[in-house]
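Engineer: got a structure for you, letters missing:
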Ligand code: DGJ
């Protein structure tokens with residue numbers, strides 16, 4: 001792993017044998033971008049990649065020189081007002097009204113390892129030998145503003161992380177209205193732009209479109225990363241697939257408003273940008289103050305999207321997620337939400353837990369409704385004390401009863417929210433985000449607490465810590481069920497109101513950090529009406545997240561498949577729920593519900609007491625299966641085989657690191673009449689190992705990967721006369737053992 005700097009040509013080359021990233025100081029002192037992709041050997045000069053010519057209408061930097069134009073240069077962190085008309089990476093509004101800046105290269109620092117980002121989640125190293133960091137120092141002399149661009153290259157991973165830091169060493173207060181984490185100019189537009197979008201109940205649907213001249217972007221303006229778009233995009237060469245072709249993934253380690261944008265200019269240069277959404281963002285940078293952007297992570301592969309995903313999975317599972325639970329197989333849980341909603345008593349909860357324990361469930365989670373006056377969603381949020389009418393022994397006694405069953409106990413919180421009908425709101429009506437003199441909008445009858453205020457975060461921490469100290473709580477589900485609308489804080493001055501959304505997220509991170517530190521044994525699961533804040537920022541604090549409120553097995557195929565492009569399988573909360581499904585009224589077989597959910601952090605979301613003895617047998621079988629194979633299911637190498645976005649069939653598989661065990665999930669949506677024969681080509685196996693499939697037939701890995709594994713339904717003789725042995729929503733898990 002090396003970071004080269006060639007003084008003569010002022011060229012930086014970061015390479016680890018897998019990828020190369022080449023930059024150069026341009027004639028005007030700005031940093032230019034020359035190459036990002038598969039590793040190339042180092043050389044003194046890559047100047048031939050910096051092409052320029054005289055173009056009519058070009059705006060040029062130096063008098064007498066008609067060639068050097070920033071409009072036509074590929075840059076690292078472009079600004080507006082020096083001849084580049086594309087969107088800038090940074091914008092500073094000055095006291096004379098100017099927004100024009102000019103950052104000039106000063107020096108650089110190389111250090112082993114990776115420095116922390118203050119107050120922000122980020123990938124990390126456990127040993128300095130795992131990574132090397134380059135910081136390029138630039139400065140706007142007129143303003144006295146320093147800009148540090150940080151690049152970390154990881155050994156053995158095709159990963160580069162980036163972030164930017166601005167420090168105001170000048171005399172005037174400035175307003176930062178854009179500060180992207182990453183800007184990358186690529187020399188052509190021959191890419192497809194892929195993003196993961198949706199809404200409540202249908203998160204992470206894969207969308208593919210060709211890049212064209214103009215801007216294509218996804219964003220959030222909702223105060224959280226959102227169901228609507230995920231802070232992750234890919235660009236891939238046309239024809240690139242799961243296992244071949246060039247693809248670059250861009251992921252933002254952030255949970256608030258973001259922008260992921262590709263601007264293709266009229267010479268087909270593609271500018272990728274990722275960072276805090278400039279929409280509504282206005283950060284006052286007073287003299288002596290600094291601003292640190294979140295981190296962006298770029299992953300390159302020339303072996304397709306599957307390879308890119310596995311790089312993200314491994315990095316995010318082991319060098320973004322933290323804590324005692326990071327590397328541990330996740331407990332099989334049962335959550336009472338869809339079993340009871342708000343209608344429960346202590347005995348009813350214990351009876352749900354007891355049945356679950358009898359079938360092998362390890363963790364009981366009490367969801368919404370245990371606190372304050374919370375008997376419906378109009379009241380109680382903010383009052384984090386047990387409702388003693390409903391739970392006379394409080395959380396402590398319930399937790400004891402669950403522990404006495406031999407299970408762990410988990411608890412739901414929604415720390416950032418308040419109902420007007422709550423003691424907290426009555427005591428602190430000014431603690432919500434709202435604009436003076438105007439109506440505050442609600443979402444699900446709730447209002448957003450102003451987490452940009454440390455005293456609000458402290459108060460919520462104290463309430464939560466009291467419960468967690470008094471009762472034996474082993475797991476927390478941290479929910480968040482509405483977006484921020486009136487982003488205005490009662491305590492910030494007028495010229496800092498544009499900071500509210502970012503400060504809010506910093507408040508969320510601060511609370512998570514405190515809870516992680518003081519209650520290190522607790523397993524956190526994030527949730528935001530399902531996957532409305534399923535992002536790398538939260539993964540730093542909570543190693544798993546509830547991917548969607550839609551627990552229907554068929555809907556989950558798309559949701560989990562889409563989520564798997566960036567996020568590890570161990571992070572994807574997936575539960576078996578009752579039928580008819582509560583979100584979509586679909587009836588799917590219990591086996592299929594289990595077969596989908598087992599590729600995730602597995603659990604149940606129903607009252608097992610209501611199942612038939614036959615169904616209970618199936619539940620016991622599922623739990624025993626998950627316990628036997630969860631290391632492979634959750635931490636194995638994950639391969640997508642057939643996409644639910646392309647047709648009737650979905651297939652995916654997880655392979656153990658030694659390649660001796662593989663689990664293939666195969667799913668059919670609608671049944672077919674007189675169907676063709678089907679086979680699916682497996683991936684990731686050892687071609688030279690012979691695998692037994694479901695304890696029966698034996699095949700070498702090369703055969704299973706090159707010819708494929710038959711997945712046709714067994715056609716019985718009766719099928720000839722109109723009977724069919726398979727059905728809608730059918731599925732199989734194939735266990736392969738070498
Ligand atoms: C939304 C979550 O996604 C659900 O799982 C559940 O916890 C409800 N909130 C409770 O209000």
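Structural biologist: Arrived safely. Note that the coordinates shown come from a computational prediction; the quantities given were computed from them, not determined experimentally. Numbers count the residues shown, from 1 in each chain.

Engineer: what's the spacing between the nearest residue to residue 25 once chain neighbours are set aside and residue 165?
Structural biologist: Distances taken as C-beta to C-beta, 6 or more residues apart in numbering place residue 10 nearest to residue 25, at 3.8 Å, with adjacent residues excluded. Quick note: C-beta positions are derived from backbone N, CA and C, even for glycine. Separation of residue 10 from residue 165 (C-beta to C-beta, to the nearest Å): 21 Å.

Engineer: any stretches of the chain with poor pLDDT?
Structural biologist: Residues of the chain meeting the criterion pLDDT under 70: 1, 713-724.

Engineer: could you list the contact residues of it toward the ligand?
Structural biologist: Proximity of the chain to the ligand, by C-beta under 6 Å from any ligand atom, involves residues 337, 367, 368, 412, 479, 481, 527, 529, 530, 546, 549.

Engineer: got a list of what the first one touches?
Structural biologist: Just to be clear, that refers to residue 337. 367, 368, 412, 605 (C-beta atoms under 8 Å, 6 or more residues apart in numbering).

Engineer: kindly report the same for residue 631.
Structural biologist: If you count contacts by C-beta under 8 Å, 6+ apart, residue 631 has them with 329, 656.

Engineer: that one looks like it's in a helix, true?
Structural biologist: Yes. Per DSSP: H, G, I helix; E, B strand; the rest coil, residue 631 lies within a helix segment.

Engineer: what about it, distance to residue 444?
Structural biologist: Counting by C-beta to C-beta - residue 631 and residue 444 are separated by 38 Å.

Engineer: returning to what we had before: show me the contacts for the residue nearest to residue 25.
Structural biologist: By C-beta under 8 Å, 6+ apart, residue 10 lies in contact with 24, 25, 105.

Engineer: next one: residue 442
Structural biologist: Counting by C-beta under 8 Å, 6+ apart, residue 442 has contacts residue 482.

Engineer: relative to residue 530, how far out is residue 451?
Structural biologist: 21 Å.

Engineer: so what's residue 460 up against?
Structural biologist: By C-beta under 8 Å, 6+ apart, the neighbours of residue 460 are 384, 415, 416, 449, 511.

Engineer: pretty sure the third one sits against residue 450.
Structural biologist: Read that as residue 416. No. Between residue 416 and residue 450 there is no contact under C-beta atoms under 8 Å: 9.5 Å.

Engineer: for the ligand, what's its nearest residue on the stretch 51-200 of the chain.
Structural biologist: Nearest residue of the stretch 51-200 of the chain to the ligand (C-beta to the nearest ligand atom) works out as residue 200 at 9.0 Å.

Engineer: count of residues packed around that residue?
Structural biologist: 18 (other C-beta atoms under 10 Å).

Engineer: again with the one 4 residues further on
Structural biologist: If you count neighbours by other C-beta under 10 Å, residue 204 ends up with 27.

Engineer: cool, the one 4 residues further on as well?
Structural biologist: Applying other C-beta under 10 Å, we find 11 residues neighbouring residue 208.

Engineer: and the helix or strand containing it, what does it pack onto?
Structural biologist: In the assignment (DSSP states H and E), residue 208 maps to strand 205-210. With contacts taken as 3 or more C-beta pairs under 8 Å, 6 or more residues apart in numbering; DSSP states H and E, strand 205-210 sits against strand 192-197, helix 553-563.

Engineer: what's the most buried one of those?
Structural biologist: The highest mean neighbour count among the helices and strands packed on strand 205-210, using mean count of other C-beta atoms under 10 Å, belongs to helix 553-563: a mean of 25.

Engineer: how near is the closest residue to residue 113 other than its chain neighbours to residue 111?
Structural biologist: Distances taken as C-beta to C-beta, 6+ apart place residue 128 nearest to residue 113, at 3.7 Å, with adjacent residues excluded. From residue 128 across to residue 111, the span is 8 Å (C-beta to C-beta).

Engineer: which residues does the strand holding residue 208 contact?
Structural biologist: By C-beta under 8 Å, 6+ apart, strand 205-210 touches 191-198, 216, 238, 558-559, 561-562, 565, 643, 645.

Engineer: just the helices from the stretch 301-450 of the chain, written as ranges.
Structural biologist: All helices of the stretch 301-450 of the chain, identified by DSSP state H, counting those that start in this stretch, fall at 304-319, 337-340, 346-359, 394-404, 423-427.

Engineer: typo on my end, the chain
Structural biologist: 304-319, 337-340, 346-359, 394-404, 423-427, 454-470, 500-518, 536-539, 553-563, 590-597, 613-635, 701-706 (DSSP state H).

Engineer: and the last one, what does it pack onto?
Structural biologist: Using 3+ C-beta pairs under 8 Å, 6+ apart as the contact criterion, the elements in contact with helix 701-706 are strand 690-693.
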